[in-house]
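> turn this into a model:
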Amino acid sequence: MNNDGNDCKRMSRRVALSGAALALGTAAIAAAASQAAAQQKINQADANYQGTPKGNLHCDACLNFQPPNACKFVQGNISPNGWCQLFTPKS
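Here you go, the predicted structure:
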């Protein structure tokens, strides 16, 4: 009695399903890690944030500013006229 043909089909299906599950799990972990990294913002004091501009430098001219009042890296309400040490000018 030789079931090699059926065993190969079962193994292929099993391997395919395992591979698909692994790929989905890896994608979910990567998405969760990315989201966690995005949520880890520093506090305003550590960023040396101030609610007023530093000369011509102000948050609404910064690449990290997210209108109307947020920043990619700094916690809390961010004034468009504020400034911090993470200022990166928009190109």
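> give the contact list for the nearest residue to residue 90 once chain neighbours are set aside.
Residue nearest to residue 90 in three dimensions, not counting chain neighbours: residue 63, with 5.1 Å by C-beta to C-beta, 6 or more residues apart in numbering. The way it works is simple: take the backbone N, C-alpha and C, and place the C-beta from them, glycine included. Residues near residue 63 by C-beta atoms under 8 Å, 6 or more residues apart in numbering: 88, 89, 90, 91.
> by neighbours, which of those wins?
When neighbours are taken as other C-beta atoms under 10 Å, the top entry among those is residue 88 (12 neighbours).
> against residue 55, how distant is it?
According to C-beta to C-beta, to the nearest Å, residue 88 and residue 55 sit 15 Å apart.
> beyond the helix or strand bottoming out on mean pLDDT in the chain, next helix or strand please.
Taking mean pLDDT, DSSP states H and E as the measure, the chain has helix 4-39 as its least confident helix or strand, at a mean of 57. Once helix 4-39 ends, the next helix or strand along the chain (criterion: DSSP states H and E) is strand 65-66.
> pLDDT of that following strand, averaged?
Strand 65-66 shows a mean pLDDT of 98 in the predicted model.
> which residues are contacting it?
With C-beta under 8 Å, 6+ apart as the criterion, strand 65-66 contacts 59, 71, 72, 78, 80.
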